[in-house]
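*Asks:* Fold the following for me, if possible:
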Amino acid sequence: MSTLIPLLPHLTITDTSISVRGNDKYTIYGLGENILFESEQDQVQGKAKDKLEQISKSIKKRFSNYWIAVYGNTDATGDADLNQKLSAKRAESVKNWLVDNAGVSTEKISMGAMGEKDPVASNASEQGRKMNRRVEIVVMNP
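*Replies:* Now for the predicted structure:
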């Protein structure tokens, strides 16, 4: 059984706003929605470019053959159907950025819209809701 371990940040990611965890079979890069998107928006904002470039360089450096899944997540505030749609649009925006700017093949990348289904913290507090509004880029060795 493989154990999920935090990866050493000095390996390839120096930006502390990017969370990195995984094992020898996969790596998960996590970014908060406030880093990638304006509030209630689904287009990747300009200031996120450096973070996505750092992630794409890390992927290319660490993996020679890989598959990527991009998962959009929201908090549980508001309408569940709208949250589901927003998470799908955000995952698609990140996927498109990786294809258009990082040279990731469309055949090697998929997306998942999690909506509010996979919280990492309680939605009862603003801090918890903030943590739940995120995009995760999962890179797997085949």
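*Asks:* Downstream of the helix or strand bottoming out on mean pLDDT in the chain, the next helix or strand is which one?
*Replies:* Taking all helices and strands of the chain together, the one with the lowest average confidence (mean pLDDT, DSSP states H and E) is strand 5-6, at a mean of 48. Following the chain from strand 5-6 toward its C-terminal end, the next helix or strand by DSSP states H and E is strand 19-22.
*Asks:* Buried residues in that following strand, which are they?
*Replies:* Residues 19-20, 22 are the ones in strand 19-22 that count as buried (16 or more other Cβ atoms under 10 Å). All C-beta spots, glycine's among them, are computed from the backbone N, C-alpha and C.
*Asks:* Can I get it in PDB? Just the C-alpha atoms.
*Replies:* Once non-C-alpha atoms are left out, strand 19-22 reads as follows in PDB (Å, rounded to 0.1, in the frame of the first residue of the first chain):
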ATOM      1  CA  SER A  19       0.300  22.600  -1.900                       C
ATOM      2  CA  VAL A  20       2.100  19.500  -3.000                       C
ATOM      3  CA  ARG A  21       1.500  16.000  -1.700                       C
ATOM      4  CA  GLY A  22       1.700  12.500  -3.100                       C
END
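*Asks:* elements contacting it?
*Replies:* Applying 3 or more Cβ pairs under 8 Å, 6 or more residues apart in numbering; DSSP states H and E, one finds that strand 19-22 contacts strand 5-6, strand 26-32.
*Asks:* go with 7 Å
*Replies:* Under the contact definition 3 or more Cβ pairs under 7 Å, 6 or more residues apart in numbering; DSSP states H and E, strand 19-22 sits against strand 26-32.
*Asks:* can you list contacts of the strand it packs on?
*Replies:* For strand 26-32, the external contacting residues (Cβ atoms under 7 Å, 6 or more residues apart in numbering) are 7, 18-22, 51, 55, 62, 130, 133-141.
*Asks:* What's the ChimeraX line that selects buried ones from these?
*Replies:* Command for ChimeraX, covering only those of the contacts of strand 26-32 found buried under the criterion 16+ other Cβ under 10 Å:
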select :7,18,19,20,22,51,55,133,134,135,136,137,138,139
